[in-house]
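Asks: below: sequence and its predicted model.
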Amino acid sequence: MSEQDSDRALGEKVYRVIQAYIWRRSEERSGHKYESFKNNKGENGRIKYPPAYREAVEKVCNDAFLAMRGRREQAFTEYFAGTIFSVPQWLPQHDYLDVTTALLQDWEKVKTLSMIAISANSAIAKGNQD
């Protein structure tokens, strides 16, 4: 596998982990389960997110982004393991090993991918409203 392919695969895995964290924390903060509104779509075919859920996503994303931005090396690794993995994560064993290996060997790459994933997942907070 080329380095570019490896980076893409790691990016996808980090994205899924970050997304699971954001969704779970947003559900807890807003009191709205994704399952309860995922089929409620507007005329444009996009999900109509409850305002409280959108606000929770914005807050969770903002808090996580700022917390990551200021952390380096061991502090980032501990934050990622202790916060992002504080919610249930379903990862096949090989994905888990890829993420943990990258976190321990190249925390800067994981940090960059995580911050981008947070930004990508925060889009519903601003742009996905009917």
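Replies: Sure, I can see it.
Asks: where does this structure have low pLDDT?
Replies: For the chain, the stretches flagged by pLDDT under 70 are 125-130.
Asks: tell me the centre residue of it?
Replies: With distances taken as C-alpha atoms, centre = their mean, Ile18 lies nearest the centre of the chain, 2.0 Å away.
Asks: would you tell me which helix is longest in the protein?
Replies: helix 3-30 (DSSP state H).
Asks: quick one: which helix or strand includes Gln89?
Replies: Following DSSP states H and E, one finds Gln89 outside all helices and strands.
Asks: could you measure from it over to Ile118?
Replies: 16 Å (C-beta to C-beta, to the nearest Å). No exception for glycine: its C-beta is placed from N, CA and C like everyone else's.
Asks: neighbour count winner among those two?
Replies: More neighbours surround Ile118 than the other of Gln89 and Ile118, with 25 against 15 (other C-beta atoms under 10 Å).
Asks: give me the secondary structure label for the more buried one.
Replies: Using DSSP: H, G, I helix; E, B strand; the rest coil, the structure places Ile118 in helix.
Asks: surely it and Ile22 touch.
Replies: Yes: contact criterion C-beta atoms under 8 Å: Ile118 and Ile22 qualify, at 7.2 Å.
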